[in-house]
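K.L.:
Can you look at this prediction? I've put the sequence above it.
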Amino acid sequence: MAANKKPIQTQKAKRAAPKKTSRKTKGIDAIALLKADHREVEKLFGQFEKAKAADRKRAIVGKVCAALTVHAKIEEEIFYPQARAALSRKGDDLLDEAEVEHEGIKRLVAELKDADPGHDLYDARVTVLSEYVKHHVKEEESDLFPKVRKSDLDAEKVGAELAARKEALSGKPVEVPPTLLQRGLRAVTGERASV
């Protein structure tokens, strides 16, 4: 074996390796990032409800599917394992349910990716996906996130990891609106937003 050959890293090892964070992704709260994703998808579902043209519906569903795919991936790869560790056994049921809900959502996303908006069940599938997502979001935001917030999870460290992975998957910069507390602190200190 040549001396200059590097060992091959597995996909799992690559994901587990510490991620370098850009200046833009530092200081992003994990829960704020995930909630921003939730709001983005809710907005898209709202646009779908108003859409009439098949091309418009297809474009919106494409954005919904892409956003949900990236969101599920960063939660499953980064947030859920770290939340599970921070909550110990206290969060197992919530996290198990969240993972099962992801499976249902991913199944519908896969069906919709190649579906024709003219098909009889297209709108129904989008409606069911929307309802699944609303239920999932409600459980995360009312049960899981408050428990994680009270744990010792480093929300900024995890947020930076989520943002870096999301940027890598989507190819787009991550911008999360500042929290109410951050906006208040900036107003008091006169600091400008860096994001």
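P.N.:
In hand now; what should we look at? Numbering: from 1, shown residues only.
K.L.:
hang on, G104 packs against Y132?
P.N.:
Yes: if you go by CB atoms under 8 Å, G104 and Y132 touch, sitting 5.7 Å apart. Every residue, glycine included, has its C-beta placed from N, CA and C.
K.L.:
More neighbours: those two, which one.
P.N.:
Per other CB atoms under 10 Å, whichever of G104 and Y132 has more neighbours is Y132, with 18 against 15.
K.L.:
Can you pull out the low-pLDDT segments for this protein?
P.N.:
Low-confidence segments of the chain, defined by pLDDT under 70: 1-26, 176-179, 192-195.
K.L.:
show me where it has helices.
P.N.:
11-16, 30-50, 54-74, 80-87, 92-113, 122-139, 145-150, 155-170, 180-189 (DSSP state H).
K.L.:
Find the one among those helices with the highest mean neighbour count.
P.N.:
helix 155-170 (a mean of 20; mean count of other CB atoms under 10 Å).
K.L.:
Dump that helix to PDB, restricted to CA.
P.N.:
Taking C-alpha atoms only, helix 155-170 is exported to PDB below (Å, rounded to 0.1, in the frame of the first residue of the first chain):
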ATOM      1  CA  ALA A 155     -28.700  24.600  20.500                       C
ATOM      2  CA  GLU A 156     -26.200  26.900  18.800                       C
ATOM      3  CA  LYS A 157     -23.700  24.100  18.100                       C
ATOM      4  CA  VAL A 158     -26.400  21.800  16.800                       C
ATOM      5  CA  GLY A 159     -27.900  24.700  14.900                       C
ATOM      6  CA  ALA A 160     -24.600  25.300  13.100                       C
ATOM      7  CA  GLU A 161     -24.400  21.600  12.200                       C
ATOM      8  CA  LEU A 162     -27.900  21.600  10.900                       C
ATOM      9  CA  ALA A 163     -27.300  24.800   8.900                       C
ATOM     10  CA  ALA A 164     -24.100  23.500   7.400                       C
ATOM     11  CA  ARG A 165     -25.700  20.200   6.400                       C
ATOM     12  CA  LYS A 166     -28.800  22.000   5.000                       C
ATOM     13  CA  GLU A 167     -26.600  24.200   2.900                       C
ATOM     14  CA  ALA A 168     -24.700  21.200   1.600                       C
ATOM     15  CA  LEU A 169     -28.000  19.400   0.700                       C
ATOM     16  CA  SER A 170     -29.900  22.300  -0.700                       C
END
